[in-house]
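> following is a predicted model, sequence given first.
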Amino acid sequence: MKRKRFLKVLGGGTAGIAAFSCADQERAAEIAARQGALQDSDLTWTKAPCRYCGTGCGVEVGVADGKIMAVRGDEANPVNRGLLCVKGYHLPAMLYGEDRLRYPMLKNANGGWDRISWDEALDLIASKYQEALDDSGPESVAFYGSGQWGVHDGYAVTKWFRGGLRSNNVEPNARLCMASAVMGFMTQFQSDEPMGCYEDFEAGDDFILWGNNMAEMHPVLFSRILANKRENPRVRIVDLATRRTATSDYADMYVEFKPNTDLALANGILHILIRDGKIDRPFLDENVVFRRGIEDRDEIGYGCWGADGTSTNPADGPAERYGFRDQASPSSLAELEAFLAEYTPARVSEITGVPIGQIEALAEMYGDQSRGTVSLWCMGVNQHVRGTWMNNLITDLHLLTGKISRPGANPFSLTGQPSACGTAREVGTLANRLPADMVVNNPEHRAKAEEIWGLEPGTIPARPGYHTMDMFRAFKRGDVKVMWIQTTNPWVTIPNLNRIEREPGDGRFMVVSDIYPTPTTEAADLVLPSAGWVEREGVFGNSERRTQHWEKAVEPPGEATEDAWQVMEVARRMGMGHLFPWPEDDWHEPMYEEYRLFGLGIGKDLASYQQLRETRGMLWPVVDGRETRYRYAAGFDPYVEKDEGVHFYKATNFGERAAFWLRPYHVAAEAPDEEFPLWLCTGRVLEHWHTGSMTRRVKQLHQAVPRNYVEINRVDAQEMGVKTGDRVRLVSRRGDLELEAAVDGRGQPPRGSVFVPFFDEARLINLLTLDAMDNISKEPDFKKCAVRLERV
Amino acid sequence: MRAGAAQRAARSVRRAAMLAAAILVGTWGCAPGDAGVASQSDARVRAERRAYDGAPPTVPHEDMGMVCTECHNERGMPVDDLGFAPAEPHDGTAQAYSTGRCRQCHVFVLAEDTFAENDWVGLQQDLRAGRRLNALAPPTIPHRLFMRENCAACHTGPGARVAIATTHPERDRCRQCHVPAEGPDVFESAFGDGYAGEEGS
C-alpha cells in the first residue's frame, strides 16, 4: 500500500478513532465505566422477531435496568439460526434516538407544535371522526396503516373501522409493496401466501431470482442459499435483473432484461417448455385449469393521469376512479400453445435484450425434472404496472412443470415488511378485505365477520373502500376529511409526491402515530408518540407463514403508547367500546384468540397465543398443534387427504385446482424518449430500512450510507463527463432533484438507466417517480419512469 | 526442546513489547492522528468500533476494492503501513452459513456526522478474565461461540490483545480444555456443595 493511501485512510476512513480522541470523551468514559460492569449473563434475555424486513429473523433482546443493552441472533430460531444482518445487529440503538416522540403534539395556528395531554388528543380525534361521519358519512374517514403494524394494531383498526365506523377505508402501506403478490396468489389458488417455506433454500437446486436483489434486501435468506451452494456444487443461482447488484456477484448466470420485458421473458420460457414437451402433463390434467383475462392495454390502462396531469388512458376518466375489473374466461393448454406462438426465442430476445442462449438455458432449468427449482421475487415483480400478471407468470412456470408444493420446488414470494403477511394480508387491513382471505363484497364473508364480532347483520359495508393511491387523492380532493396514519411514512413513499402535498388551511384533519419525526408527522395536524418494537407486546407474520410473538421488554419513552391502545381509546370515546371488551391490563391474548376464530377449520389456522409464546413462531395452518411446512402437499398439509401429490383445496372456484393464467407482454406506462432518455429505478439499500426513520438514527448505519445518490452507468457517465461524487440533476416530467453521482458503486445500472435509493427524506426521489400502477392489484410501479440527467 | 524454548523467549519479548504498546495506548489521550497502528490491541478502540459487545465491528479502513478475505484470511496478515489484518473469526460458520457476504454485517464508515443525536451505549466487553476453578485451571470461555469459532483469530498472533493472548498457540484444540460458560447457573449436586468456583485472573 502506498504511503499516500495510508494517510488518507487515517484521515478520512477512521472516523470512529478520530471521534474517540476528543469529541466523544464523555461517551468514552461511559463505555469505560461499563466495561466489566455487566456481562451477557447479567442481562435478561427475551425472544423477538427483528423489527425490519419480511424475513422475520429471531433475535434475543438483552435488557438491564429497563434498557436494551444488546441483541444477539437467536440460534434457536429456524429462520436465521443465529445470524443477523447489520440492521438487525444494531436494533437496540434504533429505539434511543434523542428526538423520539414522547408526547402528543398538536399543530398550532403558527405551524408550531403544542404539547397536549392524551385525553385531549384522544377526545380531539374522536370528535373529528364523529364530525366527518355526521357531515359526510363513512366514506369521508380513513385509516392508513402498515405492514409494520403488529397483528393487534391492524386487527383493532379493521374491527373499529368496518364494525364501528362502518367504513372500509382501511389500507396498509403493503398496497405499495405486496398487493400484486396477494392478487397473484388469490387469482391462482384462492388463498394468499406461498405454499413453500424457508427450508426450500436448503432443499432446492436452482434459485431463479426475478428482479430481486436478495443479497441486500433479504441478506440472511441469501446466506442460506449461499451456504447450500457451497455444500452442494450442483446448486445454481440465476439473477434476472435490470441492474447489476451485490446479488449478481454470486450468480451463476446474470440475465439482464429491459424494464417491463420480464413479461415477455416468462412467456418466452413457457414457449420453449411447450415446444420441447418439457411439461408435466399428468400434473396439469389432475391439478390445473387454464384461464384468460382481459388483455387489451387501453382497457386496463395504468391507473394514472400521466405525466402532464391529463390521462394517458381515457378509461381512467377524470374522476380518478379505477373501474377496471379483470374477467376470467376459460382457456386450455391448446389455446396456451397458440397464445405463446408469437413468443419465439428470437422475438423474445429482441423485446427483452436477453440472448437466445440465456432464454433457452432458463427453460432448460425450469424443464429439468431432476432438479428442484425455486423462483424468488419481491419488489421488482410486485411494483410493476403488470405486477399481478408477473406473479401469475412465475407461478405458471411452476404449474406447467409440476414444480410446486414440494420441498425445494416452489414459486416463493418474499415480503418486504415484518408483518406484511401477518397484519396486512392475514388480518386483512386492505380496503376490500376481512381476516383470513375474506372480502367485504361477499355477503357470506361479512356475515361470518359480523357473527364473530357480535354485530348486527348488515353492519359491515359491502363496498370496498379507497385503495392507497385513491385514498391520498381523495384526501387531497376533500372527499376524505379525516385520516389517521400509523407506523408508516407516506410523505416519503408515495410515488409522485407532488400530488399529495397538503395546502395550508385545507380543512382536513390528519393524525400521525410514529416513534420519530418524519416528513409525514410534519404534514400532520396531530402527532401521537408510539411505543416501538419491544416497548410493547406483539405478533408479526413473516414471508413463510410464520407467526411470531414477543413480550414487552422495556418501557416506551415519555408518554408513548401502543398503536392498538390509541385506536381502542378513540373507539371507546366514540361509544364503540363494545368492540374491545377486554380488561385494560390483559387484552393482547383475548384479542388475538378472537382474531384466530376467523381462520380455524378453513386452512388458515393460526397457532394459539400460548403456542406462540412457547415457540420461535409456527407456520400456519397449525392443526392439532402441528405446523405446515408445505401447503397443498400430501404428507405435509393436514387438509390434504391424498396419499401423494397435491390438492389445491382452497381454489373452489376452479374445482379445487390451481389456475394457470395466460398473460401477455405490455410496455411500461412511461418509457424513455428524446427529452427524458433514461429509465429511473428506485429501491432500498442493505443498511437502511425503508424511509430510514429508524435506521438513520443508528450511527453505524447512517455513517455507512449517509445520504442517497444516483447510480449511473460507467459509459453514460464518461460520455457526460461525470464521475463519482459529482453533483448532477435528475429531471422527470414531475420534478427534479440534485444528487451525487455514483459510478461503479454497489449497483451498476446498464446503459440508459439510473438507480436512486428512496430512504433519504431530505432528497425525495418520489417527487420524480410516476404514479402509474397495476390496475388489478392497484400497486404502483416505483421501478420505471423516464428521466434525464443534467450536469450541475 | 531448544526450538520450544526459543519460541517461548521470543514470545515473552513479544508480549513485553505488546504490553508496552498497551500501556502507551492506555495513556494516550487527545493526541490526534497517532491512533491507527498502535490502537489495534486497545480495548477501548475495540469498543469504539462496535455498537456494543457482540455487534459486528465497523471496518476501520477504507474500501480497498478487494475481497475482504484476501487479508482477513484464516491466519490474518500484516498490511504495509496499515497494521495487522486480523484473521477471520468465523470459520465454524462455514457449516451453516456462507461467510462470503462480509458487508452484510460489517460496514464502512463513510461519514463523521450523525443524522440525529443518539446517546445509546450498550453492553461493553467484560474485561474480567474467564472463571477458573483454581489458579492453575484453564479459564472458561466468557462469550458465545457463534460467529467466533476460530479462537486463533483473537487469541493468537499480532492481532491478539495482550490480555487475551494465549501462552500456548501451538495447541490448537482450544476447546479440549476451555469450555463455554455462558450462564451464571451452578450445578446443584444432590450430594451437597461442590466446588464453588473462584473468580480470579
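Yep, it's here.
> ok, A:Gly541 touching A:Thr415?
No - at 9.1 Å, A:Gly541 does not count as touching A:Thr415 under the criterion of Cβ atoms under 8 Å. In this view, the C-beta of every residue, glycine as well, is placed from N, C-alpha and C.
> show me the strands in chain B, by range?
Assigned by DSSP state E, the strands in chain B fall at B:77-79, B:83-85.
> ok, which of these comes nearest A:Leu165?
A:Leu165 lies closest, by Cβ to Cβ, to one member of the strands of chain B: strand B:83-85, at 61.8 Å.
> who does that closest one touch, helix- and strand-wise?
strand B:77-79 (3 or more Cβ pairs under 8 Å, 6 or more residues apart in numbering or on different chains; DSSP states H and E).
> what's next to the strand it packs on, contact-wise?
A:1, B:71, B:84-85, B:158 (Cβ atoms under 8 Å, 6 or more residues apart in numbering or on different chains).
> now do stretch A:694-705
Residues contacting stretch A:694-705 (Cβ under 8 Å, 6+ apart): A:15, A:51-52, A:86-87, A:90, A:93-94, A:97, A:99, A:515-516, A:532, A:685, A:687-689, A:757, A:759, B:51, B:55, B:58, B:107-116, B:118.
> average pLDDT across that stretch?
For stretch A:694-705, the mean per-residue pLDDT is 97.
> next one: stretch A:776-787
Averaged across stretch A:776-787, pLDDT comes to 96.
> count of neighbours near A:Phe283?
For A:Phe283, the neighbour count with other Cβ atoms under 10 Å in any protein chain shown is 18.
> for it, which non-adjacent residue is spatially closest?
Excluding the flanking residues, the one nearest A:Phe283 by Cβ to Cβ, 6 or more residues apart in numbering or on different chains is A:Gly402, at 3.5 Å.
> check contacts around the one you found.
A:280, A:282-284, A:369.
> same thing with A:Thr423?
Per Cβ under 8 Å, 6+ apart, neighbours of A:Thr423: A:145-147, A:149-151, A:153-155, A:172, A:429, A:540-541.
> shared neighbours, A:Gly541 and A:Thr415?
A:Cys421.
> contacting residues for the residue nearest to A:Tyr516 when sequence neighbours are not counted?
Closest residue to A:Tyr516 apart from its sequence neighbours, by Cβ to Cβ, 6+ apart: A:Ser693 at 5.0 Å. Counting by Cβ under 8 Å, 6+ apart, A:Ser693 touches A:489, A:514-516, A:518, A:761.
> strands of the stretch 651-792 of chain A, start to end?
With DSSP state E, counting those that start in this stretch as the criterion, the stretch 651-792 of chain A has strands at A:658-662, A:678-683, A:710-712, A:727-731, A:736-743, A:753-757, A:785-791.
> to chain B, which of the ones you listed lies closest?
strand A:736-743 (11.6 Å; Cβ to the nearest Cβ).
> buried ones in the closest one?
Buried positions in strand A:736-743, judged by neighbour count with 16 or more other Cβ atoms under 10 Å in any protein chain shown: A:737, A:739-743.
> out of these, which is nearest to A:Asn77?
A:Ala742 (35.2 Å).
> beta partners for the closest one?
A:Glu711 (DSSP bridges).
> if I look at it, how far off is A:Met390?
To A:Met390, A:Ala742 is 28 Å away according to Cβ to Cβ, to the nearest Å.
> next, format the contacts of A:Ser693 as JSON lines and append distance to A:Glu656 and pLDDT.
As requested, the contacts of A:Ser693 are exported to JSON lines (distance: Cβ to Cβ, whole Å; pLDDT from 0 to 100):
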{"residue": "A:Asn489", "distance to A:Glu656": "42", "pLDDT": "98"}
{"residue": "A:Asp514", "distance to A:Glu656": "44", "pLDDT": "98"}
{"residue": "A:Ile515", "distance to A:Glu656": "45", "pLDDT": "98"}
{"residue": "A:Tyr516", "distance to A:Glu656": "48", "pLDDT": "98"}
{"residue": "A:Thr518", "distance to A:Glu656": "46", "pLDDT": "98"}
{"residue": "A:Glu761", "distance to A:Glu656": "48", "pLDDT": "97"}
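> picking up where we left off before, and the buried ones among the contacts of stretch A:694-705, selectable in ChimeraX?
Here is the ChimeraX command that selects the buried residues among those (16+ other Cβ under 10 Å):
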select /A:15,51,52,86,87,90,93,94,97,515,516,532,685,687,688,689,757,759 /B:51,55,58,107,108,109,110,114,115,116,118
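> in helices, which of the contacts of stretch A:694-705 appear?
Members of those lying in helices (criterion: DSSP state H): A:15, A:86-87, A:93-94.
> between those residues, which sits nearest B:Arg101?
So of the ones in helices among the contacts of stretch A:694-705, ranked by how close each gets to B:Arg101 (Cβ to Cβ), first place is A:Val86, at 10.6 Å.
> any idea how far the closest one lies from chain B?
Noted for A:Val86: a distance of 5 Å to chain B, by Cβ to the nearest Cβ, to the nearest Å.
> quick one, what contacts the residue of the stretch 251-400 of chain A found nearest chain B?
Scanning the stretch 251-400 of chain A for proximity to chain B using Cβ to the nearest Cβ identifies A:Ala251 as nearest, at 12.9 Å. The neighbours of A:Ala251, taking Cβ under 8 Å, 6+ apart as the test, are A:209, A:237-239.
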